[in-house]
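Asker: coordinates for the following, if possible.
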Amino acid sequence: MTLEAIKYENGKLMILDQLKLPLFLEYIKINSVEDGFRAIKEMNVRGAPAIAIVGCLTVAVAVQKKEFENTKELAEFVKTSFERLVAARPTAVNMTFASKIINLSILFLNNFHFLNLLSKLESEMASDVKTNKLIGDHGAAEIVKLLGDNVTILTHCNTGSLATAGYGTALGVIRSLQRENKLKHVFCTETRPYNQGARLTAYELVYEKIPATLIADSMVSAAIKEKRINCIVVGADRVAKNGDSANKIGTFQLAVVAKYFGIPFFVAAPFTTIDFNCENGDEIVIEERDSKELTEIGGKRIAAEGIQVWNPAFDVAPANLIEGIITERGVFKPNEIKNQIN
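Answerer: As a prediction, the model looks like this:
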């Protein structure tokens with residue numbers, strides 16, 4: 001049984017409160033656009049695919065609570081709702097992409113009706129699971145082709161069922177390797193300062209009975225050397241046209257370390273994560289978060305009063321350090337991404 005981060009049925013949306021994991025399994029009801037905004041901003045839900053799905057389903061919930069006199073009024077409400085939700089965490093591109101498709105559908109399909117909108121919004125969950133399974137299988141096949149059996153892999157942050165509608169992206173690759181009996185062991189980083197690796201990925205790996213070990217972010221080089229890690233796979237929140245990939249802070253240094261040790265570094269993400277309007281990583285807007293995420297744990301201060309804090313949520317792994325970008329359409333070299341625009 002797979003963890004459900006998102007539950008939606010009959011116009012009612014609930015999300016698993018990931019701030020309570022792994023100690024408590026609690027769901028939050030999303031009844032409005034503002035509820036969705038807060039849940040995304042405060043990271044009750046996180047992970048680029050999950051954010052996009054929750055965004056779409058939040059709009060689905062909200063439109064069912066209102067009456068619209070015409071398509072123009074509906075389109076304006078959907079547009080402003082998505083703008084509000086996208087603003088909660090601007091680095092991830094997936095929800096922006098979904099909102100553009102949905103807004104265009106409303107404006108330009110002559111036979112577009114209210115039920116068409118609901119169907120489109122609600123279909124995002126099933127579509128995401130299908131996409132993730134393809135990502136997992138493509139990635140596993142590529143890694144086995146490169147490394148053979150007994151893959152010892154390292155991953156960062158959380159990219160599994162808790163970050164998606166199900167199965168996962170980078171963790172989906174790990175699941176597919178496990179299913180094919182090609183996986184020897186997984187190492188997951190704690191992923192400071194928000195500890196998504198320790199709280200969420202470790203939780204998923206134990207839940208799925210995948211052999212795994214948790215390490216501190218500062219242990220990666222030693223772990224690669226001593227534990228014979230031979231591959232790194234991470235997710236992404238935005239991929240530029242040249243292949244530069246933004247992901248959870250700490251990803252850049254993993255790519256550098258992988259290059260030093262001569263092991264492949266893969267990025268796994270849905271095709272919608274690729275931003276063809278973004279030429280390179282320098283153009284990606286990096287979200288900066290509250291200093292308390294670094295200076296406090298569980299509401300208790302651990303850092304000296306008066307110290308300045310810099311807390312970017314993401315960094316960018318340069319394309320020249322990436323072995324391949326794993327998508328549902330296949331695995332591409334970074335320099336091949338720009339040719340996939342159509």
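Asker: list the contacts for Glu9?
Answerer: Contact analysis of Glu9 by Cβ atoms under 8 Å, 6 or more residues apart in numbering lists nothing. The way it works is simple: take the backbone N, C-alpha and C, and place the C-beta from them, glycine included.
Asker: for it, give the beta-bridge partners.
Answerer: With DSSP bridges applied, Glu9 shows beta-bridge pairing to Lys12.
Asker: from Val206, how far off is it?
Answerer: Glu9 sits at a distance of 28 Å from Val206 (criterion: Cβ to Cβ, to the nearest Å).
Asker: the lengthiest strand in the chain: partners in the sheet, and parallel or antiparallel?
Answerer: Ranked by number of residues, the top strand in the chain under DSSP state E is strand 183-189. Strand 183-189 has the following strand partners under DSSP bridges: strand 151-155 (parallel), strand 212-215 (parallel).
Asker: quick check: which of these is nearest to Ala313?
Answerer: The stretch from the strands paired with strand 183-189 with the least distance to Ala313 (Cβ to Cβ) is strand 151-155; that distance is 17.6 Å.
Asker: could you say what helices and strands the lengthiest helix in the chain packs with?
Answerer: With DSSP state H setting the assignment, residue counts place helix 124-147 as the longest helix in the chain. In terms of contacts (3 or more Cβ pairs under 8 Å, 6 or more residues apart in numbering; DSSP states H and E), helix 124-147 is packed against helix 48-63, strand 151-155, helix 170-179, strand 231-234, strand 265-268, strand 324-327, strand 330-332.
Asker: save those as TSV, and put in mean pLDDT too.
Answerer: Converted to TSV, these look like this (pLDDT from 0 to 100):
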stretch	mean pLDDT
helix 48-63	91
strand 151-155	98
helix 170-179	98
strand 231-234	98
strand 265-268	98
strand 324-327	98
strand 330-332	98
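Asker: looking at the ones you listed, which is nearest to Ala313?
Answerer: Of all the helices and strands packed on helix 124-147, it is helix 48-63 that lies closest to Ala313, at 11.6 Å by Cβ to Cβ.
Asker: next, the angle from that closest one to helix 124-147.
Answerer: Compare the direction of helix 48-63 with that of helix 124-147 by axes from the mean of the first three to the mean of the last three Cα atoms, to 10 degrees and you get 170 degrees.
Asker: state the mean pLDDT of the helix or strand that helix 48-63 is followed by.
Answerer: Note on helix 48-63: by DSSP states H and E, the next helix or strand toward the C-terminus is helix 71-88. Within the predicted structure, the mean pLDDT of helix 71-88 is 88.
Asker: can you pull out the helices in the stretch 201-342 of the chain?
Answerer: Per DSSP state H, counting those that start in this stretch, the stretch 201-342 of the chain carries helices over the ranges 202-207, 220-227, 251-261, 292-295.
Asker: out of those helices, which is closest to Asp315?
Answerer: Nearest to Asp315, of all the helices of the stretch 201-342 of the chain, is helix 251-261, at 4.2 Å by Cβ to Cβ.
Asker: got any ranges where the stretch 1-150 of the chain has weak pLDDT?
Answerer: 1-2, 104-116 (pLDDT under 70).
Asker: hang on, the earlier thing: relative to helix 170-179, how tilted is the longest strand of the chain?
Answerer: Relative orientation of strand 183-189 versus helix 170-179 (the same axes, to 10 degrees): 160 degrees.
Asker: contact partners of the next helix or strand after strand 183-189?
Answerer: Using DSSP H and E, the helix or strand that directly follows strand 183-189 along the chain is helix 196. The set of residues that contact helix 196 without belonging to it, under Cβ under 8 Å, 6+ apart, is 46, 157-158, 248.
Asker: pipe the helices and strands packed on helix 124-147 into TSV and attach distance to Asp217 and mean neighbour count per row.
Answerer: Rendered in TSV, the data for those read as follows (distance: least, Cβ to Cβ, whole Å; neighbours: other Cβ atoms under 10 Å):
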stretch	distance to Asp217	mean neighbour count
helix 48-63	20	26
strand 151-155	11	25
helix 170-179	16	26
strand 231-234	13	26
strand 265-268	16	27
strand 324-327	23	26
strand 330-332	27	20
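Asker: any chance of these in a markdown table, plus distance to Pro193?
Answerer: Formatted as a markdown table, these follow (distance: least, Cβ to Cβ, whole Å):
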| stretch | distance to Pro193 |
| --- | --- |
| helix 48-63 | 19 |
| strand 151-155 | 18 |
| helix 170-179 | 20 |
| strand 231-234 | 17 |
| strand 265-268 | 22 |
| strand 324-327 | 27 |
| strand 330-332 | 31 |
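Asker: nearest to Val78, of the helices of the stretch 201-342 of the chain?
Answerer: The stretch from the helices of the stretch 201-342 of the chain with the least distance to Val78 (Cβ to Cβ) is helix 292-295; that distance is 31.9 Å.
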